[in-house]
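**Student:** coords please:
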Amino acid sequence: MQLIQRFIKGSLLFSATLLVTGCSIFGDDDEEPKFAELQPISAEVQPRVLWDASVGSGIGEYFSRLNPVVEYGKVFAADRNGIVSAFDKSTGERLWRIDLRESIQFDQATDEGWFSGIFSSPFPARISGGLVASYDRIFLGTENGDVVALNAENGEIVWHAEVNNEVISDPAVGEGRVVVHTGGGKVLSLDAETGEQQWEYEYQAPMLTIRGASAPAIISGGIVVGDSNGTGMVLIANNGQQAWTQTIGKPSGSNELERLADVDAKPAVQGTTLYMIAFNGELVALELRDGEVRWKRDYKAFENMLVTNGRIFLTDVKSHVYAL
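**Tutor:** Take a look at the predicted model:
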């Protein structure tokens, strides 16, 4: 049930079915969960706290991949409600703070009135995508369907765009654009300078998916992204047209839960090799140019991988850590 509550979103019909049947599809309600035995760890480094600071109220019990980012001699962090702060990396001194719920106002004469987007109600900004630092700016997305660019030096809002789909993964920033992959199956490219939308690509998402969306990657004029159907693809950065697709996770099973095959981990690249992994599929190494499969291995994951020094580090769906 924790897997459903934290990671899965589906139709109201399927949710109602779960409420009626309870946990029967997973086995006996009284069955104790089985956990792998923790192995001893020999610590080679003894860290110590240099400084600490609070940023709002965190994310609470909500699923989120919201992360701090270190750049320009600063540490940038945010909470879910809408507070973004910058701290001196060495001392922890707070350099600026902005509350997005109070900071954007629109022309009162427009059809949308005085407030719009994430600021049109008393609800929190629900920051969930990012933070990402680039071009002397901080980029973030929200579950309410907003993308915001802040000045990294003083926290002032540079631009704000509405994409009408929740942004729950890091935006990709590079080559003069900001690309977001939304939870509703859209990939959008925005001008990094102005926030103006350049193009939109949309795919059909299945009825039931993992709670999340893979962060896109901008590589050599292409946008690499994994979708909730288990597919990896490259879109042409200039126009959003599809260059190639490849199956990473193949849906299989008798019900929607068993057929989950989302590619939620951010694509990783080393040289001309692209690595992608699916929740209920495989770890696949692809040729970046045309998507040709170099090799496959049976690992299942939805968390991001790290590829460095000839190794792939990943955490699978059972919380096992691997170095390949």
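**Student:** quick one: residues contacting the residue sitting nearest the centre point of the chain.
**Tutor:** The centroid of the chain falls nearest to residue 169 when counting by C-alpha atoms, centre = their mean (1.8 Å). Residue 169 sits next to 65, 129, 141, 180, 181, 212, 213, 214, 215, 216, 266 when contact means C-beta atoms under 8 Å, 6 or more residues apart in numbering. Backbone N, C-alpha and C define where each C-beta goes, glycine included.
**Student:** now the last one, nearest residue through space, not along the chain?
**Tutor:** Distances taken as C-beta to C-beta, 6 or more residues apart in numbering place residue 215 nearest to residue 266, at 4.1 Å, with adjacent residues excluded.
**Student:** the one you found contacts residue 276, doesn't it?
**Tutor:** No - between residue 215 and residue 276 no contact is recorded; they are 11.9 Å apart, counting by C-beta atoms under 8 Å.
**Student:** for those two, work out which one has more neighbours and name it.
**Tutor:** Just comparing residue 215 and residue 276: by other C-beta atoms under 10 Å the higher neighbour count belongs to residue 276, 28 against 25.
**Student:** count of neighbours near the nearest residue to the more buried one once chain neighbours are set aside?
**Tutor:** Spatial nearest neighbour of residue 276, excluding adjacent residues (C-beta to C-beta, 6+ apart): residue 232 at 4.4 Å. The number of residues packed around residue 232, counting by other C-beta under 10 Å, is 25.
**Student:** these two touch, right, residue 232 and residue 284?
**Tutor:** Yes - in terms of C-beta under 8 Å, residue 232 counts as a neighbour of residue 284; the distance is 7.3 Å.
**Student:** what residues are shared contacts of the two?
**Tutor:** Common neighbours of residue 232 and residue 284, counting by C-beta under 8 Å, 6+ apart, are 246, 248, 276.
**Student:** need the pLDDT of the second one.
**Tutor:** At residue 248, the pLDDT value in this model is 91.
**Student:** ok, the last one next?
**Tutor:** We have a pLDDT of 94 for residue 276.
**Student:** which SSE is it in?
**Tutor:** Assigned by DSSP states H and E, residue 276 falls within strand 273-277.
**Student:** need the residues that contact that strand.
**Tutor:** Contacts of strand 273-277 (C-beta under 8 Å, 6+ apart): 219, 224, 226, 232, 248, 263, 265, 267-269, 283-288, 294, 299-301, 305, 307, 312, 314.
**Student:** return the members of those residues classed as buried.
**Tutor:** By neighbour count, with 16 or more other C-beta atoms under 10 Å, the contacts of strand 273-277 hold 219, 224, 226, 232, 248, 263, 265, 267-269, 283-286, 288, 299-301, 305, 307, 312, 314 as buried.
**Student:** domain parsing of this protein, as residue ranges.
**Tutor:** The record's domain parsing of the chain by automatic domain parsing lists 53-202, 208-324.
**Student:** nearest to residue 44, of the ones you listed?
**Tutor:** domain 208-324 (15.1 Å; C-beta to C-beta).
**Student:** shaky segments in this protein?
**Tutor:** For the chain, the stretches with pLDDT under 70 are 1-30, 104-123.
**Student:** now with 50?
**Tutor:** Applying pLDDT under 50 to the chain flags the ranges 1-27, 105-122.
**Student:** biggest strand in it, by residue count?
**Tutor:** When the chain is parsed with DSSP state E, its longest strand is strand 127-134.
**Student:** which element follows that strand toward the C-terminus?
**Tutor:** Next element after strand 127-134 (DSSP H and E): strand 137-142.
**Student:** please enumerate the strands of the stretch 1-150 of the chain.
**Tutor:** Using DSSP state E, counting those that start in this stretch, the strands of the stretch 1-150 of the chain run over residues 8-9, 69-71, 74-78, 83-88, 94-99, 127-134, 137-142, 146-151.
**Student:** next, format those strands as TSV and append distance to residue 194.
**Tutor:** Compiled in TSV, the strands of the stretch 1-150 of the chain are given as follows (distance: least, C-beta to C-beta, whole Å):
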stretch	distance to residue 194
strand 8-9	32
strand 69-71	22
strand 74-78	22
strand 83-88	20
strand 94-99	20
strand 127-134	15
strand 137-142	12
strand 146-151	9
